[in-house]
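Participant: predicted model, plus sequence, below.
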Amino acid sequence: MTTTPTPKATGRVQEREGTAYLVFERTFRAPIADVWAAVTESDRLVRWIGHWNGDPTTGAVTFYMTAEAADAPAETIHIDECDAPRRVVMRSARPDDHALEWRWEIDLAEADGVTTLTFAQEVGDSVLAESVGPGWDYYLDRMVAAENGEDLGLIDFDDYYPAFVEHYRRVLA
């Protein structure tokens, strides 16, 4: 029987060009190309968060976040930068305010057979961080489990939220 370790709040705040980002890291004993596929290929993403369709060379795809609900609404993800297999920068309308955007940055680096994924999301305040932080800890732990062939059913969002709210309130205070 596989047991899942108790999840931990891992996000930290980092200022990038005058903007606050929540930053998360995960490591994989895998080549960079494999981890790149896990975050960019639809058939790999679906294992832990959702899937997309469309042609990414146009600069946008339609994304369906199926980890939350099978009938999640589609959203357009704009691809602003892609330097395979090292960096991708994306954005979409925020679900709480379509006049604003989410912005994500994914950076990968490989050394000695280990690839480090650094995921960052722009956040403006602690209220946003309180929901975004636990969410990304949850999704990134799902990614690690999916890539390790573990049972994603053992990862429960209730272990992340509201348990991590105070951590993210503090890191952005």
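Facilitator: Cool, the structure landed.

Participant: list the buried residues in the strand ranked longest in the chain.
Facilitator: Longest strand in the chain by number of residues (criterion: DSSP state E): strand 97-111. For strand 97-111, burial by neighbour count (16 or more other CB atoms under 10 Å) applies to 102-108, 110. C-beta here means a position set from N, CA and C on the backbone, and glycine is covered the same way.

Participant: please apply the same query to stretch 54-70.
Facilitator: Going by 16+ other CB under 10 Å, stretch 54-70 has these buried residues: 60-61, 63-65, 67.

Participant: rounded mean pLDDT for it, please.
Facilitator: Per-residue pLDDT over stretch 54-70 has a mean of 90.

Participant: using CSV, write out the CA atom coordinates for that stretch.
Facilitator: Extracted in CSV, the C-alpha atoms of stretch 54-70 (Å, rounded to 0.1, in the frame of the first residue of the first chain):
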residue,chain,number,x,y,z
GLY,A,54,-6.0,23.8,-30.1
ASP,A,55,-2.7,24.7,-31.8
PRO,A,56,-0.2,26.2,-29.3
THR,A,57,1.8,27.7,-32.2
THR,A,58,-1.0,30.2,-32.6
GLY,A,59,-0.2,31.6,-29.1
ALA,A,60,-3.3,30.3,-27.4
VAL,A,61,-5.0,27.0,-26.5
THR,A,62,-8.3,26.1,-24.8
PHE,A,63,-7.8,24.6,-21.4
TYR,A,64,-10.2,22.4,-19.4
MET,A,65,-9.3,22.1,-15.7
THR,A,66,-10.8,18.6,-15.1
ALA,A,67,-9.1,17.9,-11.8
GLU,A,68,-11.7,20.1,-10.2
ALA,A,69,-14.8,18.9,-12.1
ALA,A,70,-15.4,17.0,-15.3
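
Participant: contacting residues around the lowest-mean-pLDDT helix or strand in the chain?
Facilitator: Lowest on mean pLDDT, DSSP states H and E among the helices and strands of the chain sits strand 97-111, with a mean of 90. Strand 97-111 is contacted from outside by 16, 21, 31-32, 35-36, 39, 85-94, 115-122, using CB atoms under 8 Å, 6 or more residues apart in numbering.
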